[in-house]
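Peer 1: Need coordinates for the below:
(one chain, ligands or ions: 1)
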Amino acid sequence: MRPKGAVEAEIVRLLKGAGSFVSGEALSRGLGVSRTAVWKHINALKKSGYNIDSVTAKGYRLIPPYPFNDIEVASGISTGFVGKKVFFFERTDSTNRRAFELGLKGEGEGTAVIADAQDKGKGRLGRTWESPGGVNLYTSVILRPPIAPREAHELTFVMAIAVAETVAKSSGKRPTVKWPNDILINGKKAAGILLEMDSESDRVHFVVGGVGVNLNMRKKEFPPVIRETATSLFEETGVEIERAEFARRLYSSIELWYKIYLDKGFQAVLDAWRGWFDSEGTRVRVTSFDRVLEGICAGVDKDGALLVRTPSGTVERVISGDVEAAV
Ligand code: BTN
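Peer 2: Numbering: from 1, shown residues only. From the prediction side, this is the model:
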């Protein structure tokens, strides 16, 4: 038996592929279901927000724009497990919270949660993440790596590469990564990553990798406090980004880098991450717990910790914190 929504997603894929009318007969043959079942699935698609033209003797035709939902994400997905199963919410408190609950209930690796809007989007270090509806991507993926809790931060780097790569592919702009995992375009933050995990002392049960990407948000929609430091792909390119397509690309990239992490180890990931990191050699101010450090960034060490050469010449190692450019 196919998973829920799979036939709808396949119909969408077939109709998009044809680009014009496809007969009920052809759909029924292609999907291996009855004509009545096709008709029922078409009605379900209409209820899900698709605009479908039905003409006697011609069949069905999909009319853009397409809605943003789980069917749309599933309709072109090419991954093995990441994003293969999506829980979609028009509105929720936080996709990380939803994914965490699903993880506790035993939901499998790769399952994703997407929300059109979040009421309590969570950022790093107890901050909030601005999450209006209709414009951006808010998604969280459950991963179950066979690692110890002290290694879990390594997945931050996996996620950062995946987001940077997807932003580059979708916008044509080359983003940079601010340690450990802010994604910047032209020095402004376009995406953030929040990792949360459930573990026992020596074993991770699961990690939730939450990603927020400002895709189509306009400058005036950003709250004044972040208006000058945040940006969106639309603001940088003038082009609207199709959210479902961005999500599919992101899931492919997460899957690719997660497999590299599991097969080749953290150093392979870190080497790739360094290609997106451009703070080495620049003056930085780092706030880590209660400590503020200023100095020249000396890169990251083999564990992914940030290295800062202070004016006294010592090199300090930072494992958690916030980095900003210093003058
Ligand atoms: C940061 O502070 O840079 C991290 C922001 C992470 C935001 C995303 S949006 C999807 C997921 N759900 C959340 O509540 N937070 C993350």
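Peer 1: what does the stretch 1-150 of the chain have sitting close to the ligand?
Peer 2: Selection of the stretch 1-150 of the chain residues close to the ligand by Cβ under 6 Å from any ligand atom yields 94-96, 118, 121-124, 127, 129, 138-140. Just so you know, the C-beta spots here come from the backbone N, C-alpha and C atoms, and that holds for glycine as well.
Peer 1: Show me how to select, in ChimeraX, the buried members of the residues you listed.
Peer 2: Buried residues among these (16 or more other Cβ atoms under 10 Å), as a ChimeraX selection:
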select :94,95,96,118,121,122,124,129,138,139,140
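Peer 1: and which of the residues of the stretch 1-150 of the chain next to the ligand is nearest to residue 282?
Peer 2: residue 124 (21.0 Å; Cβ to Cβ).
Peer 1: Mind telling me what element the closest residue to that closest one other than its chain neighbours is part of?
Peer 2: Sequence neighbours aside, residue 194 is the residue nearest to residue 124 in space, at 5.7 Å (criterion: Cβ to Cβ, 6 or more residues apart in numbering). Using DSSP states H and E, residue 194 sits within strand 188-200.
Peer 1: mind checking how far that strand is from the chain centre?
Peer 2: 10 Å (Cα atoms, centre = their mean, to the nearest Å).
Peer 1: And the residue of the chain closest to the ligand?
Peer 2: For the chain and the ligand, the shortest gap (Cβ to the nearest ligand atom) falls at residue 192, measuring 2.2 Å.
Peer 1: That residue touches residue 180, doesn't it?
Peer 2: No - between residue 192 and residue 180 there is no contact under Cβ atoms under 8 Å: 10.8 Å.
Peer 1: helix, strand or coil for the residue sitting furthest away from the middle of the chain?
Peer 2: Ranked by distance from the centre of the chain (Cα atoms, centre = their mean), the top residue is residue 57, with 41.9 Å. Assigned with DSSP: H, G, I helix; E, B strand; the rest coil, residue 57 falls in the coil class.
Peer 1: Read off the pLDDT value for it.
Peer 2: You'll see residue 57 listed with a pLDDT of 92.
Peer 1: Backbone torsions only: list them for it.
Peer 2: phi 70, psi 0 (degrees, to the nearest 10).
Peer 1: Can we start the residue count at 17 from this point?
Peer 2: Right, with 17 as the first residue, what we last looked at is residue 73.
Peer 1: could you dump stretch 140-160 to CSV, C-alpha only?
Peer 2: Output in CSV follows, covering the C-alpha atoms of stretch 140-160 (Å, rounded to 0.1, in the frame of the first residue of the first chain):
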residue,chain,number,x,y,z
ARG,A,140,19.8,29.7,18.9
LEU,A,141,20.7,30.8,22.4
GLY,A,142,17.1,31.2,23.5
ARG,A,143,16.3,33.7,20.8
THR,A,144,13.1,33.8,18.6
TRP,A,145,13.0,33.2,14.9
GLU,A,146,10.8,35.5,12.9
SER,A,147,8.3,33.2,11.1
PRO,A,148,5.5,34.9,9.1
GLY,A,149,3.4,32.9,6.8
GLY,A,150,3.4,32.7,3.0
VAL,A,151,7.0,33.7,2.4
ASN,A,152,9.8,31.5,4.0
LEU,A,153,10.8,28.0,4.7
TYR,A,154,10.6,26.6,8.3
THR,A,155,11.5,22.9,8.4
SER,A,156,12.9,20.4,10.8
VAL,A,157,14.4,17.0,10.0
ILE,A,158,14.8,14.0,12.4
LEU,A,159,18.1,12.2,12.2
ARG,A,160,19.2,9.2,14.1
